[in-house]
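*Asks:* Provided below are the primary sequence and the corresponding predicted coordinates.
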Amino acid sequence: MWLPIFIFLYLSLNIGIGWWASRWIKTSSDFAIAGRNLPLFLASSAMFATWFGSETMLGASSVFAEKGIIGVIEEPFGAALCLFLVGAFFARPLYRKKILTFNDYYRARYGTLVEFISAIIMIPSYFGWIAAQLIAMSIILNVLIGLPLFWGILLCAVVVVIYTYIGGMWAVSITDSIQTVIIIVGLLFFAVQMVNLVGGFDKVIASTPKGFFRFYPKADVHSIAEYIVAWITIGLGAIPQQDIFQRVAAAKSENTAVRASYLSSLMYLVIASLPLLIGLCGGILYPELLKENAQMLLPQIVIQHGNLFLQVLFFGALLSAIMSTASGAMLAPATVVAENLIKPRYPALTDKQLLRIMRFSLVGIAVSSAIMANLQRNIYDLVAQSATFGLVSLFVPLVAGLYWKPANQVGALSAMVLGMSVWIFFTFLPIGFPEQLLGLFASILGMLLGSLLTKK
């Protein structure tokens, strides 16, 4: 009785924050990057919340309980690597350019054709990411009140759209900061409870099979290749994504952007260990739940064996993580649609009209993602598919543009098209070698040959 009421109040609070944050939304820049005014705490919380959502709380925790550390290299280790690399190599040079989207950078470096193609590639890459969050939120509502997944997905999409539509990046950043605190408190408390139920850390470790904590791959080509893919899918593939760039650009200074990247990387690595530990304890205590539906392991344990206080903390943390990721992931492609697809073709648009287009695009992105969520309901796979778009097509042109002077338009186009084509081809006709690596190699080759053969 009380738990559904809490969920309703929590969702209403997020909408209220969106309404409150709308007072700062005067321009499209305010909506997209908070007017470049975020202090370190807000910027760090926003970056941390970029991907700390369903794939970490439900997807990675269940995979960890089944496969051990080697199964979760991609998430959370790859995600933490991505945030660190952003701070080390990308935050400073990109912040100085005073641009609104990653695609603005591609236009300035390579021309309008590359801008257009990069936008066409980037926008659909978010559908899977957002869909994963909507699925996770609908799972929660299904567990709590028996709401069918279809209606849960629809309801969750509506709630996230409302507060993001109203408050933009300001609403996303403020809610991210509040939600980060809830995540930490809720997960810490739940983790302690679960470890105590098992009988302490010694019992937890003793209950795991041999090799469970192995951090390195087996000594064969296929295992090593899959291990590399796990590190770079999000570790490199998420770097040229608009959601992370908007958080970098929203910081109040260049140094704040860099420090926020490093701090969020550390936060991600430390805090993400908590749902992994909870999932491991849950798998030890309730192996039958792990076999029935691994993604439902944590929610089912809390519902069946947790008191009201524990349920409030856990579902508060879970909802916080998911909504933080979903709101930023919806805002990012909506900004790209307005800034890089529509604005260049209608240069007479006023800033108010552009802001309106961003908001309408947000609704369209949410509808597309909700449709995808009803077609594919494996959270971990949806996230991996989304990050691969950036890895095989957008990463190489970004790095080459910043750090390799011969890079030109032909090289960038070749890298995008060849990398994407090779990845898609070998996805449908596998050869026993990771298609993500083949796509990345093809993208590098396209950049090298395209730039050098057309060098002036």
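*Replies:* Great, that's in hand.
*Asks:* residue 159 versus residue 137, what's the distance?
*Replies:* Distance, residue 137 to residue 159, using CB to CB, to the nearest Å: 8 Å. The way it works is simple: take the backbone N, C-alpha and C, and place the C-beta from them, glycine included.
*Asks:* and if you look at residue 119?
*Replies:* 27 Å.
*Asks:* go on, residue 107?
*Replies:* Taking CB to CB, one finds residue 107 at 34 Å from residue 159.
*Asks:* ditto for residue 96
*Replies:* In terms of CB to CB, residue 96 sits 37 Å off from residue 159.
*Asks:* more neighbours: which of these two?
*Replies:* residue 159 (20 against 10; other CB atoms under 10 Å).
*Asks:* where does that one fall, secondary structure wise?
*Replies:* Element membership for residue 159 (DSSP states H and E) is helix 149-198.
*Asks:* and residue 433, what does it touch?
*Replies:* 222, 225, 426 (CB atoms under 8 Å, 6 or more residues apart in numbering).
*Asks:* ramachandran angles for it?
*Replies:* phi -130, psi 140 (degrees, to the nearest 10).
*Asks:* distance between the helix holding residue 159 and the chain's centre?
*Replies:* 14 Å (CA atoms, centre = their mean, to the nearest Å).
*Asks:* just checking, next helix/strand downstream of it?
*Replies:* helix 201-206.
*Asks:* check which residues of the helix or strand following that following helix are buried.
*Replies:* Once helix 201-206 ends, the next helix or strand along the chain (criterion: DSSP H and E) is helix 221-235. By neighbour count on 16 or more other CB atoms under 10 Å, the buried set for helix 221-235 is 225-230, 232-235.
*Asks:* could you list the low-pLDDT ranges of this protein?
*Replies:* 1-2, 54, 295, 305, 376-386 (pLDDT under 70).
*Asks:* and the spatially most central residue of it, its phi and psi?
*Replies:* The centre of the chain sits closest to residue 51, judged by CA atoms, centre = their mean, with a distance of 3.2 Å. Note on residue 51: backbone dihedrals following degrees, to the nearest 10 are phi -120, psi 0.
*Asks:* confirm for me that it is in contact with residue 75.
*Replies:* Yes. Judged on CB atoms under 8 Å, residue 51 makes contact with residue 75 at a distance of 7.4 Å.
*Asks:* spatially, which two of the buried residues of helix 221-235 are the most separated?
*Replies:* With distances taken as CB to CB, the most widely separated pair in the buried residues of helix 221-235 is 225 and 234, at 16.7 Å.
*Asks:* in the helix or strand where residue 141 lies, which residues are buried?
*Replies:* In the assignment (DSSP H and E), residue 141 maps to helix 112-145. Within helix 112-145, the residues that count as buried by 16+ other CB under 10 Å are 114-119, 121-123, 125-144.
*Asks:* show me what contacts the residue nearest to the centre of the chain?
*Replies:* By CB under 8 Å, 6+ apart, the contact list for residue 51 reads 75, 79, 234, 238, 268, 325, 383.
*Asks:* ok, now residue 53?
*Replies:* Counting by CB under 8 Å, 6+ apart, residue 53 has contacts 132-133, 136, 321-322, 324-326.
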